[in-house]
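Novice: pasting a predicted model and its sequence here:
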Amino acid sequence: MTLLAFADAINLALREELHRNPRAMLLGQDIGRSGGVFRVTADLQQTFGADRVVDAPISEAGIVGMAVGLCLSGWRPVCELQFDAFSYPALNQIFTHVSRYRWRTRGAAAMPMVIRMPCGGGVKAPELHSDSPEAYYCHTPGLVVVMPSTPADAKGLLTAALRAQDPVVFLEPKKLYRHARGEVPETEHIVPLGSVRTVREGSDVTLIAWGAMIDVAVQAADVVREEGVSAHICDVRTLSPLDRAGILDAVRASGRVVIVQESPRSCSLASEIAALAAEEALYDLRAPVVRVSGYDAPYPYYSVEHYHRPDWARVVDAIKQVLAA
Amino acid sequence: MKCEWALRRGDSPELFRVLGTPDASNVPHADVADDSHALMMYRQMVALRVLDERALVYHRHGRIGTWAISWGHEAIHVGVMAALRDTDWAFPSYRENKLCLLRGMSPEAILAGCRGQPEGFWNPHEWRVGSICIPVASHVPHAAGFAWGEKLQGRDTVAAVFFGDGATSEGEFHEGANFAAVTRAPVLLVCTNNQWAISTPVSRQTRAMYLADKAVGYGIPSVRVDGNDVLAVYEATRQGAERARDGGGPVFIECVIYRAQAHAFPDDPSAYRDDVEAEKARREECLGQMEAYLRARGLLSDEQAAQYRSEALASVAAGIVKAEALPTADPELIFQHVLEEQTPAMRSDMERLRAVRTRYGSP
Ligand SMILES: Cc1ncc(C[n+]2csc(CCOP(=O)(O)OP(=O)(O)O)c2C)c(N)n1
């Protein structure tokens, strides 16, 4: 075990996999000599060379589209897109090809690639640097969508993604890159894709969240604990396909559910989870499910971003609401 | 002082031609392919033409769905594929769903694809042909990435990607071309300039003098070829492939023709196109030119030409019968190959669907 920042845990996973798999290669803007804008790929080009850690032109559709061809040629490309909202120029490739190639070829040509990108806000960034695009990806069949919330999970889930036979969209909450530090196994560490993590057991209320919102959920749970409220916290971590059984277990732990997400509310993953609870666990619910989320508005100027992004106070308020119902 | 604006790349805009005029008596020995090779290309062009002719009929009779017509594009498909090695790859757009035929796939499989049957969705590794690409131009980066990936592994594979004039307006054409140039990927960018993108003429597509000029901006050598001349397409591709294989990076081949048929069925070109122009193009189309050349050189007799046609007809006719005899597709197909493993949600959806069909029957 070693104490690592979230970004360094990702770097370690990439480094180990580049060593282990001679067909793994990284592709992205500024990821080579500069190590990426968040230094996530620092020093990898020095170790593995410019053909395996490739500085790409500013060309998101090009990067992901090239990765499709690289998969056909036997490589396992790992694409880094510089920011959440700059994955939008690549959505055509992701939606029309990456997610469908296996299906289109009746299983003959898989797309074992990882598309990594920083996501979310809370770091006083300019417009289009703080989006939470997970719902777009979760709405697309054929993709696996992952968002870790701890350094250990970042390493373990990324290692699993790097060995998966399906394309994985790997979302890295940029707020956590340097803020989150934790113990990370130095030896091979794989966290299987597709199962939730129980952050904390509890019986009065269930908080369901992912990524950087786990910290907010934990803060809120600590506040209500003072009043004797026991909160169960579930980290979804694989956002698609959802661990429906794991989520329903969490729902049933208390029957009072608050879902916390950064992204806008409408048609979001929180909505999906709420619908799942209604369809499968209605009679276990003791209160209507409540969503705490970003608003249905563009992620705002950073002078007001802390109002948009759920904080412990909004979560506490929602907890009171479900407890009163 | 006035500055000088460069508007054209200055290179010769002459179309590269081998066959020359359709007047057979003037045709010299082409000298780019030996006689048996030339005859093989003709035979393949006939096979593609016949498939197209029959598919139009099948479409009218409701036996297949949408069919993208390639009538008049045969010299490009055949010329390019004949110049590639068997290990080289092709990346087709929606219009080149017949390319696999040139690699030995059956008409049955291709027609099955147009009947929405899974049998028409091929294994790219088996035929060295990428999946059919419906979104215009988005397969250009695939070909570039594939070719680059091969080069990085020390293999000398070349990839040819087929797209139209309209595709050169899409971002992904530009991203793919730029990436190919930067990585020196051995990819042949084969542009079929048939003057039309559905109803949009090339003059509404670009203000560039020539589509080939677009390559110049990326540092990619380009050539303009008479796309009705199979030997010219073959020769340009051969040279381009050799160059790419030797480490020269990508090339751009603009094949100029005129789309004398409809865009696809259904489409009615009389709404936007001058019939006289189309009729003229039909007289210059590729199959007639090659036929005239072969006859002038004494390589093709009437009987031989008729035999190629009847062979092709028989194989397409058998193909549609076999395609129609394929078992009715199982609705459970919907849940196959989306991901490596079916998710629990998919399994429960599938069981629900099965139960509903048992209870109420299939509509
Ligand atoms: C991204 C995208 N936009 C629109 C379409 C609809 N569409 C199908 S074919 C076509 C015309 C393309 O023209 P061109 O690239 O010249 O190729 P051609 O059909 O002439 O072979 C269009 C617009 C599409 N398939 N993909």
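Specialist: Here it is on my side, so go on.

Novice: what's the burial count for A:Ala245?
Specialist: Other residues within reach of A:Ala245, judged by other C-beta atoms under 10 Å in any protein chain shown, total 12. Glycine gets a C-beta too; all of them are placed from N, C-alpha and C.

Novice: separation between A:His179 and A:Leu157?
Specialist: 18 Å (C-beta to C-beta, to the nearest Å).

Novice: for chain A, longest helix please?
Specialist: Scanning chain A for the helix with the most residues, using DSSP state H, yields helix A:6-20.

Novice: export the helix or strand just after that helix to CSV, keeping only CA atoms.
Specialist: Heading C-terminal from helix A:6-20, the first helix or strand you meet, by DSSP states H and E, is strand A:24-28. Output in CSV follows, covering the C-alpha atoms of strand A:24-28 (Å, rounded to 0.1, in the frame of the first residue of the first chain):
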residue,chain,number,x,y,z
ALA,A,24,-1.6,-1.0,-25.0
MET,A,25,-1.0,2.6,-26.2
LEU,A,26,-2.1,6.0,-25.0
LEU,A,27,-3.4,8.7,-27.4
GLY,A,28,-4.3,12.3,-26.5
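
Novice: adjacent strands (with direction) for strand A:24-28?
Specialist: With DSSP bridges as the test, strand A:24-28 is paired with strand A:53-55 (parallel), strand A:76-80 (parallel).

Novice: now do the helix or strand just after the shortest one, average pLDDT.
Specialist: This points to strand A:53-55. For strand A:53-55, the following helix or strand on the C-terminal side (DSSP H and E) is helix A:60-72. The average pLDDT within helix A:60-72 is 98.

Novice: go on, stretch B:318-335?
Specialist: Mean per-residue pLDDT for stretch B:318-335: 93.

Novice: how about stretch A:251-260?
Specialist: The model assigns stretch A:251-260 a mean pLDDT of 98.

Novice: wait, A:Ala281 sits on A:Ala253?
Specialist: No: look at A:Ala281 against A:Ala253 with C-beta atoms under 8 Å: they stay out of range, at 10.8 Å.

Novice: can you show me the strands along the stretch 51-200 of chain B?
Specialist: Ranges of strands in the stretch 51-200 of chain B, per DSSP state E, counting those that start in this stretch, are B:67-68, B:89-91, B:159-164, B:187-193, B:196-197, B:200-201.

Novice: brain fart, the stretch 201-325 of chain A
Specialist: Ranges of strands in the stretch 201-325 of chain A, per DSSP E, counting those that start in this stretch, are A:205-209, A:231-235, A:238-240, A:257-264, A:290-294.

Novice: columns distance to the ligand and mean neighbour count on top of those strands, output as TSV?
Specialist: Shown next, in TSV, are the strands of the stretch 201-325 of chain A (distance: least, C-beta to the nearest ligand atom, whole Å; neighbours: other C-beta atoms under 10 Å in any protein chain shown):
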stretch	distance to the ligand	mean neighbour count
strand A:205-209	37	28
strand A:231-235	38	26
strand A:238-240	25	25
strand A:257-264	27	27
strand A:290-294	31	23
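
Novice: A:His179 and A:Leu157: which has the busier surroundings?
Specialist: A:Leu157 (27 against 15).

Novice: assumed the more buried one was part of a helix.
Specialist: Yes: counting by DSSP: H, G, I helix; E, B strand; the rest coil, A:Leu157 is found in a helix.

Novice: contacting residues around A:Gly120?
Specialist: Residues near A:Gly120 by C-beta atoms under 8 Å, 6 or more residues apart in numbering or on different chains: A:84, A:130-132, A:171, A:173-175, A:211-212, A:262.

Novice: which bits of chain A sit near the ligand?
Specialist: Counting by C-beta under 6 Å from any ligand atom, no residue of chain A lies close to the ligand.

Novice: how about the residues of the stretch 51-200 of chain A by chain B?
Specialist: Counting by C-beta under 8 Å from any C-beta of the partner chain, the residues of the stretch 51-200 of chain A close to chain B are A:51, A:56-57, A:59, A:61-70, A:72-75, A:77, A:89, A:92-93, A:96-97, A:101-110, A:141-142, A:144, A:164-166.

Novice: redo that, cut-off 6 Å
Specialist: Within the stretch 51-200 of chain A, the positions lying close to chain B (C-beta under 6 Å from any C-beta of the partner chain) are A:51, A:57, A:59, A:61-62, A:65-66, A:68-70, A:72-73, A:75, A:92, A:96, A:102-109, A:141-142, A:165-166.

Novice: what mean pLDDT does stretch B:96-109 have?
Specialist: pLDDT averaged over stretch B:96-109 gives 95.

Novice: what residues sit buried inside that stretch?
Specialist: Neighbour counts over stretch B:96-109 (16 or more other C-beta atoms under 10 Å in any protein chain shown) mark B:96-102, B:105-109 as buried.

Novice: gap between the residue of chain A found nearest the ligand and A:His189?
Specialist: Closest contact between chain A and the ligand, by C-beta to the nearest ligand atom, is at A:Asn92 (7.4 Å). The spacing between A:Asn92 and A:His189, counted by C-beta to C-beta, is 34 Å.

Novice: and if you look at B:Phe91?
Specialist: From B:Phe91 to A:His189 the distance is 38 Å (C-beta to C-beta).

Novice: show me which of those two is the more surrounded one.
Specialist: When B:Phe91 and A:His189 are compared for neighbours, B:Phe91 comes out ahead with 31 against 20, by other C-beta under 10 Å.

Novice: what is the distance between stretch B:225-245 and the centre of its chain?
Specialist: On the basis of C-alpha atoms, centre = their mean, to the nearest Å, stretch B:225-245 sits 14 Å off its chain's mean C-alpha point.

Novice: list the contacts of that stretch.
Specialist: Counting contacts by C-beta atoms under 6 Å, 6 or more residues apart in numbering or on different chains, the residues outside stretch B:225-245 that touch it are B:15-19, B:30, B:32, B:41, B:75-76, B:78-80, B:82-83, B:156, B:158, B:186, B:188, B:223, B:251, B:253, B:255-257, B:284-286, B:289-290.

Novice: what parts of the stretch 51-200 of chain B come near the ligand?
Specialist: Residues of the stretch 51-200 of chain B lying near the ligand by C-beta under 6 Å from any ligand atom: B:95, B:134-136, B:163-167, B:192, B:194, B:196-198.

Novice: number of nearby residues for the residue in chain B positioned nearest to the ligand?
Specialist: At 2.1 Å from the ligand, B:Gly164 is the closest residue in chain B, using C-beta to the nearest ligand atom. When neighbours are defined as other C-beta under 10 Å, B:Gly164 has 27 of them.

Novice: where does chain B dip in pLDDT?
Specialist: Residues of chain B meeting the criterion pLDDT under 70: B:6-13, B:20-30, B:363.

Novice: quick check: closest non-adjacent residue to the residue positioned nearest the centre of it.
Specialist: Nearest to the mean C-alpha position of chain B, by C-alpha atoms, centre = their mean, lies B:Glu96 at 3.3 Å. Nearest residue to B:Glu96, sequence neighbours excluded (C-beta to C-beta, 6 or more residues apart in numbering or on different chains): B:Phe162, at 4.7 Å.
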